[in-house]
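# coords below, sequence missing:
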């Protein structure tokens, strides 16, 4: 069965610290995505990637970097965490092509204090 | 830009009662977007519940139905008789036809609790 695994599932980080969220997929998908969700808002795309060693900016990339070292792994990096980055983060993957189903991880709850 | 507005939760319904979660959309990038309902069960990731890509058509899955209404720009989710296992967060979403998944726009989600 298709699987997207995120780690950690929750994290408390200090303002100004570095945070790395990891994502691993066993779907053999080319596309991977990072979203954030804030209370009362829909998921918003931060970064995505369609091939290893390459990433693309999504709708809200400021303050985030992404890394895709292999087809299976996709990380989201907050170099200098800020209070405004407190949110739930979702990783997802999908096949190449239009109208393909997106498979999501269980989410990571990040609290920046 | 595109946007999706859905019933603000939380919503509580008694088991075996009927359910409707409203969803309206605004698609400025294209006239007839693809429309989706995703569901997130407790402790799980979002998963696709149903999808409709043709205006006027109805999609159905797990007893849920949604009809693509281009006149009212709506895609309401309905179920005639809910079960306790339907407790979850439901997300309405749209994407321009013939574009990649990076163009999906999600609503805020509606948390549904079913009372036994």
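It's in. Since this is a predicted model, take the numbers as computed values, not measurements.

# distance of residue B:30 from chain A?
Using CB to the nearest CB, to the nearest Å, residue B:30 is found at 13 Å from chain A. Quick note: C-beta positions are derived from backbone N, CA and C, even for glycine.

# so what pLDDT did residue A:21 get?
At residue A:21 the predicted local confidence, pLDDT, stands at 98.

# oops, could you answer that again for residue B:96 instead?
At residue B:96, pLDDT is 84.

# show me what contacts it?
B:2, B:27, B:29-30, B:33-34, B:103 (CB atoms under 8 Å, 6 or more residues apart in numbering or on different chains).

# and chain B, which residues reach chain A?
B:4, B:34, B:38, B:40, B:43-48, B:53, B:91, B:93, B:97-102, B:104-109 (CB under 8 Å from any CB of the partner chain).

# out of those residues, which end up buried?
Neighbour-count burial (16 or more other CB atoms under 10 Å in any protein chain shown) is assigned, among the residues of chain B next to chain A, to B:4, B:34, B:38, B:40, B:45-46, B:53, B:91, B:93, B:97, B:100-102, B:104-109.

# wait, residue A:7 touches residue A:22, no?
Yes. Between residue A:7 and residue A:22 there is a contact under CB atoms under 8 Å: 4.9 Å.

# who's more crowded, these two?
The neighbour count for residue A:7 versus residue A:22, taken as other CB atoms under 10 Å in any protein chain shown, is higher for residue A:22 (16 against 13).

# now that one, which residues is it bridged with?
Listed beta-bridge partners, residue A:22: residue A:7, residue A:75 (assigned using DSSP bridges).

# what residue is smack in the middle of chain A?
residue A:34 (2.7 Å; CA atoms, centre = their mean).

# phi, psi for the closest residue to residue B:106 other than its chain neighbours please.
Leaving aside its chain neighbours, residue B:106 sits nearest to residue A:42 (3.6 Å; criterion: CB to CB, 6 or more residues apart in numbering or on different chains). When read as degrees, to the nearest 10, the backbone of residue A:42 gives phi -80, psi 170.

# next: residue A:59.
Residue torsions, per degrees, to the nearest 10, at residue A:59 are phi -80, psi -30.

# same question, residue A:83
As for residue A:83, its main-chain torsions (degrees, to the nearest 10) stand at phi -60, psi -40.

# try the one 5 residues further on
With angles defined as degrees, to the nearest 10, residue A:88 sits at phi -100, psi 130.

# ok so, going back, would you list the buried entries among the contacts of residue B:96?
Buried among these by 16+ other CB under 10 Å: B:2, B:27, B:33-34, B:103.

# hmm, back to that, so which of the contacts of residue B:96 comes closest to chain A?
For the contacts of residue B:96, the minimum distance to chain A (CB to the nearest CB) is 6.5 Å, reached by residue B:34.

# buried residues, stretch A:47-65. List them.
A:47-50, A:55-56, A:58, A:61, A:64.

# stretch A:10-26 too?
Applying a neighbour-count criterion of 16+ other CB under 10 Å, one finds A:11, A:13, A:19, A:21-25 buried in stretch A:10-26.

# surely residue A:63 meets residue A:77?
No. In this structure, residue A:63 is not within contact of residue A:77 by CB under 8 Å, at 10.0 Å.
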